[in-house]
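K.L.:
sharing a model that was predicted from the sequence below.
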Amino acid sequence: QVHLVESGGGLVQPGGSLKLSCLASGDFVDVSAMGWYSQAPGNERELVARITSSGSTMYADSVKGRFTISRDNAENTVYLQMNSLKPEDTAVYSCYANIKTKVGGWATRNDYWGQGTQVTVSS
């Protein structure tokens, strides 16, 4: 089984910072792309940032210049440093990872998701 566990969410004032972490654990062969999505109440889930195993990154326009995604391949962990937070950043943030597993002689690659962590930006 594969598990993704996020940490680091919470309540922060506008202009503040938070750092989210997501650890992938379990029995797998490798981890390809990792990333973060956000979902605010009443809204669809949106991609916030994504990072490949080689370190290439992409960001949603709304977070460019404020958020930084990074990863530690040795620890199978992805991070999201969120600075200059705004009330509109309030959402549940979920990490995902594209992971290769092997069952018997067969390898398969799937997206796995964490349970989500709440980020609330409010004064």
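P.N.:
Happy to help now that I have it. Numbers count the residues shown, from 1 in each chain.

K.L.:
report the longest strand in the chain, please.
P.N.:
Criterion DSSP state E: the longest strand present in the chain is strand 91-103.

K.L.:
if I look at residue 28, how far off is residue 11?
P.N.:
Distance of residue 28 to residue 11, computed by CB to CB, to the nearest Å: 34 Å. Quick note: C-beta positions are derived from backbone N, CA and C, even for glycine.

K.L.:
who has more neighbours out of the two?
P.N.:
residue 28 (18 against 12; other CB atoms under 10 Å).

K.L.:
tell me the pLDDT of the more buried one.
P.N.:
pLDDT for residue 28: 94.

K.L.:
assess the claim that it and residue 100 are in contact.
P.N.:
Yes: proximity of residue 28 to residue 100 meets the contact threshold set by CB atoms under 8 Å, at 6.3 Å.

K.L.:
in the chain, mark out all the strands, start to finish.
P.N.:
Under DSSP E, the chain gives strands at 2-7, 10-12, 18-26, 30-39, 46-51, 57-59, 67-72, 77-82, 91-103, 106-113, 117-121.

K.L.:
gap between the second one and the chain center?
P.N.:
Read it as strand 10-12. Strand 10-12 sits 17 Å away from the centroid of its parent chain (CA atoms, centre = their mean, to the nearest Å).

K.L.:
try stretch 31-38
P.N.:
Distance, centroid of stretch 31-38 to centroid of chain: 5 Å (CA atoms, centre = their mean).

K.L.:
got the buried residues for that stretch?
P.N.:
Across stretch 31-38, burial judged by 16 or more other CB atoms under 10 Å covers 31, 33-38.

K.L.:
now do that stretch: everything it contacts.
P.N.:
With CB atoms under 8 Å, 6 or more residues apart in numbering as the contact definition, stretch 31-38 has outside contacts at 20, 22, 24, 45-53, 69, 71, 73, 76, 78, 80, 89, 91-100, 109, 119.

K.L.:
now the nearest residue to residue 101 once chain neighbours are set aside: how far from residue 77?
P.N.:
Nearest residue to residue 101, sequence neighbours excluded (CB to CB, 6 or more residues apart in numbering): residue 28, at 4.8 Å. Look at residue 28 and residue 77: by CB to CB, they are 14 Å apart.
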